[in-house]
Structure formats: structure tokens, C-alpha cells
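Trainee: following is a predicted model, sequence given first.
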Amino acid sequence: MLSRNKNRIKILPMGKIYFLMGKSASGKDTIYGKLLGDERLHLSPYVGYTTRPIRSGEEEGVQYHFTTEQDLADFEQSGKLIEKRVYHTILGDWYYYSVDSDDLDLEHNDYIYIGTLESYIKMRDYYGADKVIPVYIEVEDGLRLERALEREKRQAEPKYLEMCRRFVADSADFSEENLAQAGITDKFDNTVMDDCIKEILQKVFNML
């Protein structure tokens with residue numbers, strides 16, 4: 001991977017998974033898109049798996065690999081399953097999971113992924129702390145709640161109760177105690193998006 005700073009070219013180690021995480025409405029998806037689209041970083045998407053139905057506008061292999069519960073069972077039996085989470089919905093149980101896919105080439109490529117704190121820990125333990133680099137995005141709760149509410153208002157059918165449930169659940173999942181136990185020390189404040197991305201580029205990718 002090459003990092004260009006004016007006339008200087010710096011060769012960075014290959015074979016990393018940059019793992020984005022943070023509470024809801026912290027801006028993870030936008031930051032993910034900007035980092036993935038930065039040609040200087042040469043990042044590839046690490047695509048997760050789910051058993052939920054594909055939604056309008058989604059594409060197989062872009063947002064997720066859309067699979068069946070039998071596929072999940074096969075991955076688990078073959079030893080390729082890294083971690084899984086289940087969400088109980090009115091349409092049944094939906095699983096989200098990560099797989100050590102044959103398409104993943106950590107010898108030659110760097111990847112970027114979005115997940116939960118729990119999935120970060122399991123992926124770190126699977127690949128090694130030297131391979132999985134945490135990037136924790138943080139936003140002050142009041143501002144984050146404002147952003148979540150504005151985002152929900154734009155939906156065709158706003159689900160405010162679910163928004164509130166997720167807000168409270170994330171506060172527990174990403175508690176200071178849990179972050180400390182996971183070894184997360186660096187936190188990137190996303191009050192201003194450009195400043196946040198600049199700090200990530202400097203501290204994580206050594207682009208000065």
C-alpha cells in the first residue's frame with residue numbers, strides 16, 4: 001500500500017483489516033465510503049454475510065453476501081465462521097456473520113469493514129491484533145441523537161421506537177468499560193467529518 005505526501009512515497013505494511021465501529025448515527029457508513037474511495041489507501045471492502053432478505057437497491061456482494069441459514073451452518077461446520085449475531089424480528093431470526101472467505105487475500109491486500117465491538121473482538125482474536133486495526137468513531141450523545149432523529153425523519157416509514165431502542169442499546173454495548181476491556185484507546189471524534197477523516201488518515205494510515 002502506498003501513501004503519497006507531496007513528493008514522498010511511503011510504503012505501508014500490507015495485510016490489514018481496518019475495522020470501523022461506533023454507536024448508531026456516529027457516521028460510520030459515510031466515513032467507510034470516503035476511506036474506501038480514497039485511491040491513495042488501496043483498500044478493498046470486506047463484505048459481511050447475512051440471512052436477511054435483500055432489500056430494494058441492494059446488490060449481492062456489495063452491502064452483504066445474502067445467504068441462507070444452511071449456508072451459515074455449512075460455514076460453521078467447515079471452520080470458516082469467525083463470528084455471528086442474531087436479531088429476532090417479526091419476520092423471524094436474521095443472522096449477520098463474518099467468514100474467512102477464500103476471496104480474502106491478506107497477503108497482498110488491505111481491507112476495510114464495519115462491525116460491532118463484539119465482532120471486532122472475535123475478528124481480532126481470529127486473525128491477530130496485528131492484522132485487525134480498530135477505528136472507533138465517537139460523537140457526543142446529544143449531537144448523535146439529533147442526527148439519528150433527522151435521519152429517521154427522512155425515512156418513508158420512520159421507526160422512532162426502534163431508533164430509541166438502538167440508541168440505548170449502543171450506549172451499553174460501547175460503554176467505557178467494554179471499550180477498555182477490548183483495548184480500544186484511540187477515539188476519533190466525528191463532530192466535524194473532515195476533521196475526523198483527517199485525524200484517521202494521520203493516526204491510522206500515517207499520512208501526514
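Mentor: Cool, got the structure.

Trainee: which stretches of the chain have low pLDDT?
Mentor: Scanning the chain with the threshold set as pLDDT under 70 gives 1-14, 208.

Trainee: show me where it has strands.
Mentor: Ranges of strands in the chain, per DSSP state E, are 2-5, 8-11, 17-22, 43-45, 49-50, 65-66, 81-89, 92-99, 110-114, 132-138, 187-189.

Trainee: of these, which stretch is the most buried?
Mentor: Among those, strand 17-22 has the highest mean neighbour count (mean count of other CB atoms under 10 Å), at a mean of 23. C-betas here are computed from N, CA, C, even on glycine.

Trainee: and the gap between Glu59 and His65?
Mentor: Distance of Glu59 to His65, computed by CB to CB, to the nearest Å: 11 Å.

Trainee: again with Arg165
Mentor: Computed as CB to CB, the Arg165 to His65 distance reads 27 Å.

Trainee: please apply the same query to Tyr126.
Mentor: Taken as CB to CB, the span from Tyr126 to His65 is 18 Å.

Trainee: so what are the domain limits for the protein?
Mentor: 13-45+109-202, 47-103 (automatic domain parsing).

Trainee: deepest-packed of those, please.
Mentor: Stretch with highest mean neighbour count among the domains of the chain: domain 13-45+109-202 (a mean of 16; mean count of other CB under 10 Å).

Trainee: partner residues bridging the residue nearest the centre of the chain?
Mentor: Nearest residue to the geometric centre of the chain (CA atoms, centre = their mean): Ile114, 0.9 Å. Beta-bridge pairing for Ile114 (DSSP bridges): Leu20.

Trainee: you'd agree it is up against Lys28?
Mentor: Yes - in this structure, Ile114 is within contact of Lys28 by CB atoms under 8 Å, at 5.4 Å.

Trainee: and for these two, which residues touch both?
Mentor: Shared between the contact lists of Ile114 and Lys28 (criterion: CB atoms under 8 Å, 6 or more residues apart in numbering) are residues Leu20, Met21.

Trainee: picking that back up, can you list the strands of the chain in JSON lines and add distance to Pro158?
Mentor: JSON lines is the format used below for those (distance: least, CB to CB, whole Å):
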{"stretch": "strand 2-5", "distance to Pro158": "42"}
{"stretch": "strand 8-11", "distance to Pro158": "46"}
{"stretch": "strand 17-22", "distance to Pro158": "22"}
{"stretch": "strand 43-45", "distance to Pro158": "29"}
{"stretch": "strand 49-50", "distance to Pro158": "23"}
{"stretch": "strand 65-66", "distance to Pro158": "25"}
{"stretch": "strand 81-89", "distance to Pro158": "17"}
{"stretch": "strand 92-99", "distance to Pro158": "21"}
{"stretch": "strand 110-114", "distance to Pro158": "23"}
{"stretch": "strand 132-138", "distance to Pro158": "24"}
{"stretch": "strand 187-189", "distance to Pro158": "28"}
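
Trainee: quick one: closest of those to Leu72.
Mentor: For those, the distance to Leu72 is smallest for strand 92-99, at 5.7 Å, taking CB to CB.

Trainee: can you tell me which residues contact Tyr113?
Mentor: By CB under 8 Å, 6+ apart, Tyr113 lies in contact with Ile17, Tyr18, Phe19, Leu20, Pro45, Tyr46, Gly48, Ser98, Met123.
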